[in-house]
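Visitor: Prediction below, plus the sequence it came from.
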Amino acid sequence: MAEDQAIKHFQELVSSDLTTVDPTSIQIRANALVARLKALNRNANAATRACKQATTEARHDMDQTHLGLQNLLYEKRHLEREIDKCRQFASIYQDVPLYSLSEFKTLAPPEARSDDVLQNVHQLMLNRLSFELVERQRLDQKRKELTAQKEELLKHSKLKLATVESVKTQIESLMKAAADIQKRVDELVPALPPSTATTPAPT
């Protein structure tokens, strides 16, 4: 390497017999070797800094990769827990009373009970639930209509009852007024004496 060669030249320069060598030449060689060593030192420092920078960047990339891996593992565990929850989840549809399969085959639309559907357990259950929903909505609408009719009939019945009660009250008032008038008439008009039988005059 360049550093080893520079050191070797220094050792040769120091170990040589300086008494037979021109001092100026030694000075020039020594200065050249020192400059060479300084340049080598600068290059070594630059290489060290570059190596540290590359190491830092590589460590940063590795940390980012490790963090990404940890995030993926966390997400994987989260998804696995969610999958387990879904597998253990008891859906409410299991407790919903449905039309029996024979009733479904009779009442449901043909496209909802085709042969392909009947052979697919999952699709069959979906179609039965959809049919149940439609039927309940239809029956609920019918119930609302009947309730509205009932309310209307009750309303008319209450109106008629109120009219009857009003007429009854008026009749009672008239009867009472008539009784009062009759009583006053009886008090004002003296009772007529009973008519006596008269004998016809002789002709």
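Guide: Noted; the coordinates are in hand. All figures in this text were calculated on a predicted structure; none of them were measured in a lab. Residues are numbered from 1 along each chain as shown.
Visitor: Pull up the gap between residue 71 and residue 64, please.
Guide: For residue 71, the distance to residue 64 under the criterion C-beta to C-beta, to the nearest Å works out to 10 Å. Yep, even glycine has a C-beta here, placed from its N, CA and C like the rest.
Visitor: right, and the helix or strand after the helix or strand containing residue 75?
Guide: In this assignment (DSSP states H and E), residue 75 forms part of helix 23-88. On the C-terminal side of helix 23-88, the nearest following helix or strand under DSSP H and E is helix 101-107.
Visitor: What helices and strands are in contact with that following helix?
Guide: Applying 3 or more C-beta pairs under 8 Å, 6 or more residues apart in numbering; DSSP states H and E, we find helix 101-107 packed against helix 121-188.
Visitor: Rounded mean pLDDT for the helix it packs on, please.
Guide: Looking at helix 121-188 alone, the average pLDDT works out to 90.
Visitor: Which elements pack onto it?
Guide: Secondary structure elements in contact with helix 121-188, counted by 3+ C-beta pairs under 8 Å, 6+ apart, are helix 101-107, helix 115-119.
Visitor: can you tell me which of those helices comes nearest to residue 173?
Guide: helix 101-107 (60.6 Å; C-beta to C-beta).
Visitor: now that closest one, how far from the centre of its chain.
Guide: From the chain centre to the centre of helix 101-107 is a distance of 34 Å (C-alpha atoms, centre = their mean, to the nearest Å).
Visitor: and if you look at stretch 171-179?
Guide: On the basis of C-alpha atoms, centre = their mean, stretch 171-179 is displaced by 71 Å from the centre of the chain it belongs to.
Visitor: export that stretch as PDB, just CAs?
Guide: Extracted C-alpha coordinates of stretch 171-179, given in PDB (Å, rounded to 0.1, in the frame of the first residue of the first chain):
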ATOM      1  CA  ILE A 171    -132.800  15.200  23.800                       C
ATOM      2  CA  GLU A 172    -132.500  15.000  27.500                       C
ATOM      3  CA  SER A 173    -132.300  18.800  27.700                       C
ATOM      4  CA  LEU A 174    -135.400  19.100  25.500                       C
ATOM      5  CA  MET A 175    -137.300  16.600  27.600                       C
ATOM      6  CA  LYS A 176    -136.300  18.400  30.800                       C
ATOM      7  CA  ALA A 177    -137.300  21.800  29.200                       C
ATOM      8  CA  ALA A 178    -140.600  20.200  28.100                       C
ATOM      9  CA  ALA A 179    -141.300  18.900  31.500                       C
END
